[in-house]
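**Q** got a sequence here, can you build the structure:
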Amino acid sequence: YYAGAQKFETISTGVVITGSDDGDGGAKGDFKFFQTDGTLKIMFDASTSQFEFLDDSKATFGSGDDLQIYHSSNQNYVSVTGTGNLNLTSASSVAVKVNSTEDAIVCNINGSVDLYNNGTKQCQTFDGGLNWQDNKKAEFGNSGDLKIYHDGTNSILKSASHSIAHYSNTRHHFLNADGS
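**A** The predicted model follows:
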């Protein structure tokens, strides 16, 4: 009790803390959450103003725990276990990064989706399709046997180990840049 009002109560399933925050009220300090066996699983650390979820502790959202965020041993998960999509939204671009700084996928607002390999842009979408940067290859086959690319000067269709066959019921046309 404080000033004649009940603030803390033990019940059969745990405790109830009541109060209001009038600018100087509310609960203060660290809070620790334990499993029934006494193992610490979640803590609010007041010195850093953050919740700390230990291994295999889940932050769940939705009536059926449809969205789960957790860390298990050496893997991290954002998991949708119910119906619906996982939507990442932003007023600007959305970037998927590795090593905190290296772009892997960048979805630009009202624009392209850029794919990176080892931090280097490999290709990007545009309103007419997909664009590969110079010297980046579109490879087909399990071993990348067929390659299509542009080296900055020449357009190349290359097969490393097989012939290139073209089947058609019509005539074949190879045109110069001027259409002739």
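
**Q** quick check: residue 152 touching residue 132?
**A** No - counting by Cβ atoms under 8 Å, residue 152 does not reach residue 132; the two are 11.9 Å apart. C-betas here are computed from N, CA, C, even on glycine.

**Q** quick one: which of these two has more around it?
**A** For residue 152 versus residue 132, neighbours defined as other Cβ atoms under 10 Å are more numerous around residue 132 (16 against 8).

**Q** which SS class is the residue lying closest to the more buried one once chain neighbours are set aside?
**A** Nearest non-adjacent residue to residue 132, counting by Cβ to Cβ, 6 or more residues apart in numbering: residue 123, 4.6 Å away. Recorded secondary structure, residue 123: strand (DSSP: H, G, I helix; E, B strand; the rest coil).

**Q** likewise residue 69?
**A** Local secondary structure at residue 69 is given as strand here, using three-state DSSP.

**Q** isn't it up against residue 78?
**A** Yes - shown here, residue 69 and residue 78 form a contact pair, counting by Cβ under 8 Å, at 5.3 Å.

**Q** check contacts around residue 136.
**A** By Cβ atoms under 8 Å, 6 or more residues apart in numbering, the contact set of residue 136 is 122, 123, 149.

**Q** please convert the buried members of these into PyMOL selection syntax.
**A** For the buried members of the contacts of residue 136, the matching PyMOL selection, counting by 16 or more other Cβ atoms under 10 Å, is:
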select buried, resi 123+149
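
**Q** helix or strand right after the worst-scoring helix or strand of the chain on mean pLDDT?
**A** Of all helical and strand segments in the chain, the minimum by mean pLDDT, DSSP states H and E falls on strand 14-17, at a mean of 70. Per DSSP states H and E, strand 14-17 leads on to strand 31-34 as the next helix or strand towards the C-terminus.

**Q** for whichever helix or strand comes after that next one, which residues meet the burial criterion?
**A** The C-terminal neighbour of strand 31-34 among helices and strands, as given by DSSP H and E, is strand 40-45. Counting neighbours by 16+ other Cβ under 10 Å, one finds that the buried residues in strand 40-45 are 42, 43.
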